[in-house]
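# just to be clear, the model below is a prediction. Sequence and coordinates:
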Amino acid sequence: MQVADSRAIGGRELDISVVIPCRNGASTLERQLDTLLSQDTAAAFEVIVADNGSTDGTADLVRAYRTRDPRVRLVDASVAPGVNVARNAGARSAHGRFILLCDADDLVHPGWLEANWRRLRDGAHCVGGGIDRVLEDGSLLAAERMLYRTGRSTVPYANGANCGFSAEAFACVGGFDESFAGGADEIDFFWRLAAAGYPLVLADGAVISKTQHTALRRVFRQHYSYGRGEVRLIRKFKGAWGLIPLLALPFHVIGWALLTATSRTDSRWRRRCVVNLAFHLGMLRGCLPTRRPAPVSRWTGAPSAPTATLARHSRSA
């Protein structure tokens, strides 16, 4: 593909801005950039690395790429820590009509850009793709080709590491809610988009490989954070009354704790037990008194939110 300045490629306005939120991702970012820049697609695109205060040479790496390929840009997203701060900073600086998100420590598959572009140019405003969840030893944990749902909600959401949306839709809902940290931020974002009239569709063939933690201690921390995020989501969309179904949480915690203690050390079943124990403990912790997030009307202008009764998160282990 012909490379020109960052606002136009081959005389064309940019179709897509790929945004990579990044904090200290230099060890894996190079591989992701190489894969993105070698994508075969009809779309004119740029790649934005939104640097969230890295101290490991990430910025220097991106600047070096910029000298070789003007499609790469560095955006300072260090105003505050957080992946959603970086996502918003990158998206707001984008020149493309559509924005795609991926992460520095994952790897997009061949055809990822074109698969997303096919859906977007055909009229979609919001897209989500598939995920190959890969353990650190390279073994495949799960191959997911779907949009996700949580609890009893019928409103789908996409993983934040593989999704996209029009600049129009992003501006309409005000971007990602930066008060979310560690989990449920994508659910909140795509629920608000749906409420504003921007439904999500699956982009077949837009697949990434996402590395999953192997060490159970790190798995526990990650899913504990997801559980806390889930409760924040419930509080935001349903208020305190939405927490009533969670009264059974202590029993879930006890059950998963017993299953974790009796499972085999090296089994994937043990990993699943740790995931569920951590998630339910995180939800239990999240139910403790906390400052309520801003109402959803602040983000969409709408008086109501999608109906959902949430009890647990349907995440893959």
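Noted; the coordinates are in hand. Numbers count the residues shown, from 1 in each chain.
# biggest helix in this structure by residues?
Longest helix in the chain, counting residues (DSSP state H): helix 216-238.
# and that one, what does it pack against?
helix 185-195, helix 268-286 (3 or more CB pairs under 8 Å, 6 or more residues apart in numbering; DSSP states H and E). Where you see a C-beta, it was placed from the backbone N, CA and C, and this is true even at glycine.
# let me know the angle separating it from helix 268-286.
Here helix 216-238 points in a direction 40 degrees away from that of helix 268-286 (axes from the mean of the first three to the mean of the last three CA atoms, to 10 degrees).
# so for helix 216-238, what's the average pLDDT?
The predicted model assigns helix 216-238 a mean pLDDT of 83.
# list the buried ones in it?
For helix 216-238, burial by neighbour count (16 or more other CB atoms under 10 Å) applies to 216, 219-220, 222-238.
# quickly compare the helices and strands packed on helix 216-238 and say which is most buried.
helix 185-195 (a mean of 25; mean count of other CB atoms under 10 Å).
# residues contacting residue 227?
Residue 227 makes contacts with 183, 278-286, 313, as judged by CB atoms under 8 Å, 6 or more residues apart in numbering.
# let's see that with 10 Å instead.
182-184, 249, 275-287, 312-313, 315 (CB atoms under 10 Å, 6 or more residues apart in numbering).
# which secondary structure state does residue 182 sit in?
Counting by DSSP: H, G, I helix; E, B strand; the rest coil, the backbone at residue 182 sits in coil.
# renumber starting at 21 from here on
With 21 as the first residue, the last one maps to residue 202.
# how far away is the nearest residue to it once chain neighbours are set aside from residue 277?
In space, residue 202 comes closest to residue 245 once its chain neighbours are excluded; the distance is 3.2 Å by CB to CB, 6 or more residues apart in numbering. Residue 245 sits at a distance of 18 Å from residue 277 (criterion: CB to CB, to the nearest Å).
# picking up where we left off before, in a markdown table: the helices and strands packed on helix 236-258, plus mean pLDDT and distance to residue 76.
Listed next are those as a markdown table, based on pLDDT from 0 to 100; distance: least, CB to CB, whole Å:
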| stretch | mean pLDDT | distance to residue 76 |
| --- | --- | --- |
| helix 205-215 | 96 | 24 |
| helix 288-306 | 82 | 28 |
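# with distance to residue 137 added, can I get these in JSON lines?
Formatted as JSON lines, those follow (distance: least, CB to CB, whole Å):
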{"stretch": "helix 205-215", "distance to residue 137": "19"}
{"stretch": "helix 288-306", "distance to residue 137": "34"}
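# could you tell me which residues within whichever helix or strand residue 223 is part of count as buried?
Assessed by DSSP states H and E, residue 223 sits inside strand 220-232. Residues of strand 220-232 classed as buried: 220-223, 225-232 (neighbour count, 16+ other CB under 10 Å).
# and that strand, what does it pack against?
Judged by 3 or more CB pairs under 10 Å, 6 or more residues apart in numbering; DSSP states H and E, strand 220-232 is in contact with helix 46-57, strand 127-128, helix 132-141, strand 146-155, strand 160-164, strand 183-186, helix 205-215, helix 236-258.
# partners of the fifth one in the sheet?
When sheet partners are counted by DSSP bridges, strand 160-164 sits next to strand 146-155 (antiparallel).
# okay, the strand it pairs with in CSV with CA atoms only?
Only the C-alpha atoms of strand 146-155 are listed here, as CSV (Å, rounded to 0.1, in the frame of the first residue of the first chain):
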residue,chain,number,x,y,z
CYS,A,146,-19.9,-1.1,15.7
VAL,A,147,-18.0,-4.4,15.2
GLY,A,148,-16.5,-7.1,17.3
GLY,A,149,-14.3,-10.0,16.3
GLY,A,150,-13.2,-13.5,17.3
ILE,A,151,-10.5,-14.4,19.9
ASP,A,152,-8.1,-17.3,20.1
ARG,A,153,-7.2,-17.5,23.8
VAL,A,154,-3.7,-18.8,24.0
LEU,A,155,-1.7,-19.8,27.1
